[in-house]
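Q: only geometry, no sequence info:
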């Protein structure tokens, strides 16, 4: 249905979101600087699972009434011969879309806009809901066109402001890396407004926020990989795994360095505002405003990408006639997410991510021989 580039941009639209700004800040706030190391490790290992998911998605996809359809529910059902487990994954995915890909994004955006621009939560939620409805009504081809232009722009804008801040704080970068590697294995004592964190907390929040950011192992990106215009599963698998590298190893690292090259993270500032405040210390009001705009761009792109994931899972369970119902409910939850408790939304998102990962990883394990055989075939041929 769409090109390799569009599938990568749609996958990045879903993964490059609040996790890269607020998620990294949450990991540092709760797990200390050492949590960043465990985010990196999650990203490196996640490249292998993202490769496996995309390969299987293309191999076991099938043509449906609204284009190509595939993902873990198909390769678990057709490849691993476990249709009931495929249905479990589909159910967890369309529920998770309302948490990780919807309410978390809307909630964090509304919080930052209230803090920076003093805009009420309800207004931000309503605007996001309307914009979401306008994009998703055209399905995957509309989403693919939108993300192909939108995602590169938002990533380059964020790169510009973050790298500018890091150039100014260049002398603090070595100390930031020291904090990350040292406290990954020692924890971090309480300091200033930071309450302290053990090694276990660094691992827990580093892995949780890493998985939330790059979605490796969840199987979500495999759903859009199945829509790629390709005849070879390995080609799309190689494209898909680069998304994890871009998301976690590059973008999350830049956010972490921006935070750790200042002392703002020790002052007890909330995770929702930490990145913007760290930029504000270095670049002033202009920097904080750009980060706020990047936050809404990242969040909006994730909402669009996750809507497609949830839609395909919903269609798998209830048929193609149910899609419009799903889209209407999804748009409504954008508004709901902007106005409810942040802690409640994050806990729900973590739970749903875990429930998605279990059936998907079982499917990858059972189909490991297929992944190896396809990979060997491709590289012997090329």
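A: Here it is on my side, so go on. It should be emphasised that the depicted structure is a prediction, and the values quoted were computed from it without experimental measurement.

Q: what is the burial count for residue 347?
A: By other Cβ atoms under 10 Å, the residues close to residue 347 number 12. In this view, the C-beta of every residue, glycine as well, is placed from N, C-alpha and C.

Q: okay, and it sits in which element?
A: Element membership for residue 347, per DSSP states H and E: helix 342-366.

Q: show me the contact partners of that helix.
A: With Cβ atoms under 8 Å, 6 or more residues apart in numbering as the test, helix 342-366 has contacts from 26, 49, 52-53, 56, 72, 75-76, 79-80, 82, 85-86, 88-89, 92-93, 95-96, 99-100, 103-104, 107-108, 111, 208, 211-212, 215, 217-220, 272, 337, 371.

Q: count the residues that sit near residue 90.
A: Other residues close to residue 90 by other Cβ under 10 Å number 27.

Q: can you name the element that comes right after the helix or strand harbouring it?
A: Remark: residue 90 resides in helix 83-98, with elements defined by DSSP H and E. Counting by DSSP H and E, the element after helix 83-98 in chain order, helix or strand, is helix 104-117.

Q: buried residues of the helix or strand following that following helix, list them for me.
A: Sequence order places helix 121-136 as the next helix or strand after helix 104-117, per DSSP H and E. Using 16 or more other Cβ atoms under 10 Å as the test for burial, helix 121-136 gives 121, 124-125, 127-129, 131-133, 135-136.

Q: residue 274 and residue 193, how far apart?
A: From residue 274 across to residue 193, the span is 11 Å (Cβ to Cβ, to the nearest Å).

Q: state the pLDDT value of residue 205.
A: For residue 205, the pLDDT comes out at 84.

Q: ugh, wrong one, I meant residue 146
A: Residue 146 is assigned a pLDDT of 69 by the prediction.

Q: residue 358 too?
A: 90.

Q: still on that earlier bit, list of residues touching the helix holding residue 90?
A: 71-74, 76-77, 218-220, 223, 306-307, 309-311, 313-314, 316-317, 326, 330, 333, 337, 349, 352-353, 355-356, 359-360, 362-363.

Q: list buried residues within those.
A: 71-74, 76-77, 218-220, 223, 306-307, 309-311, 313-314, 316, 326, 330, 333, 337, 349, 352-353, 355-356, 359-360, 362-363.

Q: so which of the residues you listed sit within helices?
A: 72-74, 220, 223, 306-307, 309-311, 313-314, 316, 326, 330, 333, 337, 349, 352-353, 355-356, 359-360, 362-363 (DSSP state H).

Q: low pLDDT regions in the stretch 251-382 of the chain?
A: 341-346, 382 (pLDDT under 70).

Q: can we see that at 90?
A: Where the stretch 251-382 of the chain drops to pLDDT under 90, the residues are 251-252, 263-313, 315-316, 318-327, 333, 336-357, 380-382.

Q: what comes up buried for the helix or strand in which residue 372 is found?
A: If you go by DSSP H and E, residue 372 is part of helix 368-381. For helix 368-381, burial by neighbour count (16+ other Cβ under 10 Å) applies to 370-371, 374-375, 378.

Q: same check, this time on stretch 278-296
A: Buried, per 16+ other Cβ under 10 Å, within stretch 278-296: 278-283, 287-296.

Q: how far does that stretch sit from its chain's centre?
A: 21 Å (Cα atoms, centre = their mean, to the nearest Å).
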